[in-house]
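Visitor: with the input below, show me the fold.
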Amino acid sequence: MGSLLEMQKLLKKKDEKIRELQVQLERKDAEIIELKTKLDKYQSVFKPGMAAMSGTAGPAAVRRRAQGISAEPQSMKTLQDVTKQKFKKYIKSKR
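Guide: Residues are numbered from 1 along each chain as shown. As a prediction, the model looks like this:
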């Protein structure tokens, strides 16, 4: 019957180890949740494009948008016609 007692002791040790690991896992899960909450908080405060962590700062880190022209190009003749054309004037009170 010594074998049965040894098996019970081993089983009890394994159960204790499993419980210890479960407690450790629960602690780490709680820490992960806390860290995710802090990360969300910091990300809401700082812009995603900020270069505080990368060590680069200044205008080189800022991305600029390209500028475009929305009007069609005009030939010189069309431009001269528009400048010579007389437009009707409207007085504001008559509107």
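Visitor: ok, Ile32 - how many residues close by?
Guide: Using other C-beta atoms under 10 Å, Ile32 has 10 other residues around it. Every C-beta, even on glycine, is put in place using the N, C-alpha and C of the backbone.
Visitor: which helix or strand contains it?
Guide: Assessed by DSSP states H and E, Ile32 sits inside helix 2-45.
Visitor: give me the local confidence score for Lys13.
Guide: Listed pLDDT for Lys13 reads 97.
Visitor: low-confidence stretches in this protein?
Guide: 1, 48-62, 68-70, 72-74, 76-77, 94-95 (pLDDT under 70).
Visitor: please redo it, this time with the cut-off set to 50
Guide: Within the chain, not a single segment meets pLDDT under 50.
Visitor: name the SS class of Lys86, please.
Guide: Assigned by DSSP: H, G, I helix; E, B strand; the rest coil, the conformation of Lys86 is coil.
Visitor: for Ala66, same thing?
Guide: Secondary structure, three-state DSSP: Ala66 is coil.
Visitor: torsion angles phi and psi at it?
Guide: Note on Ala66: backbone dihedrals following degrees, to the nearest 10 are phi -80, psi 150.
Visitor: neighbours of it, just the number please.
Guide: Residues lying near Ala66 (other C-beta under 10 Å) number 4.
Visitor: how much space between it and Lys47?
Guide: The gap separating Ala66 from Lys47 is 21 Å, by C-beta to C-beta, to the nearest Å.
Visitor: just Leu5 next, same as before
Guide: 65 Å.
Visitor: do the same with Gly2
Guide: As judged by C-beta to C-beta, Gly2 and Lys47 stand 69 Å apart.
Visitor: next one: Arg64
Guide: Taken as C-beta to C-beta, the span from Arg64 to Lys47 is 15 Å.
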